[in-house]
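Asks: Model the structure of this input:
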Amino acid sequence: MNNDKKENQEQFSSSDDALQNEVQGVEKKVWEAMHFDFEIVDEPTGLKEDVLNFAFAQDAQNETLWERVRSYFQKVGTQFTPLTASLSITMLFSIIFLATQLIQNPTEGFNEIASSMTLNAAEGDPGEVYGHAYLINKNGNEELVINVSGFPQTEGKEVYQVWLIDNSNRQSAGVFKPDKEGNGILTVNMSKYNAFNNIGITLEPDADGKQPRGKKIVGTS
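Replies: Next up, the predicted model:
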């Protein structure tokens, strides 16, 4: 186990410059935006170490990758104001994604985060519900990863449904139910879908809808 850990650390160290270059742009935007966030909070103790340890963590309790990602999103969300938390989650996702790709495929380089989008609350306090969407090029295939926080619990057959919007045309990309903390993650294989320019998430009475019937919760516009 120690030899494996040492090997992973050596692989990470050898490509450290590449990782830093990949996240530099996102990191710069986060720190610049924080100038406008006037609620002073202390940096969580050991946050930087936690991010790096995340990439090397042993799966002792059979915890999946996205379960661990969700737990880190929750930790960041409780430490910062909504604006800073939203921006920090974007940077954290990028670091975790890139570091994980480096360790799993050290000789193949990174999959590419082609673009990222912020999902803003449709109504009410923007700090209550929010989300992010990431379009990822994965060995020539595109995946859309959607992460949301602060979503109210569903009842009965209710689900949250994701819509890919091209002008007025809407395609359903799938449904999800949030966990008890209001967090949810959905991964979409984009080979089945047409191009889109916006994303919306609605609360639907069931998972059978072909077009939105319920209230819009968040969206990119």
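
Asks: how near is the nearest residue to Ile136 once chain neighbours are set aside to Lys180?
Replies: Distances taken as Cβ to Cβ, 6 or more residues apart in numbering place Glu143 nearest to Ile136, at 4.8 Å, with adjacent residues excluded. For the C-beta atoms, the positions are set from N, CA and C on the backbone; glycine is no exception. Separation of Glu143 from Lys180 (Cβ to Cβ, to the nearest Å) stands at 26 Å.

Asks: What of Val218?
Replies: From Val218 across to Lys180, the span is 19 Å (Cβ to Cβ).

Asks: Looking at these two, which is more packed in?
Replies: Taking other Cβ atoms under 10 Å, Val218 and Lys180 do not tie; Val218 has more neighbours (26 against 6).

Asks: dump the residue contacts of that one.
Replies: When contacts are counted by Cβ atoms under 8 Å, 6 or more residues apart in numbering, Val218 touches 119-122, 129-131, 148, 200-201.

Asks: returning to that earlier point: strand partners (parallel or antiparallel) of whatever helix or strand the residue nearest to Ile136 lives in?
Replies: In this assignment (DSSP states H and E), Glu143 forms part of strand 141-149. According to DSSP bridges, strand 141-149 forms sheet pairs with strand 130-138 (antiparallel), strand 184-189 (antiparallel).

Asks: how far off strand 130-138 does whichever helix or strand Arg170 is part of point, in degrees?
Replies: Assigned by DSSP H and E, Arg170 belongs to strand 169-176. Using axes from the mean of the first three to the mean of the last three Cα atoms, to 10 degrees, the direction of strand 169-176 lies 100 degrees away from that of strand 130-138.
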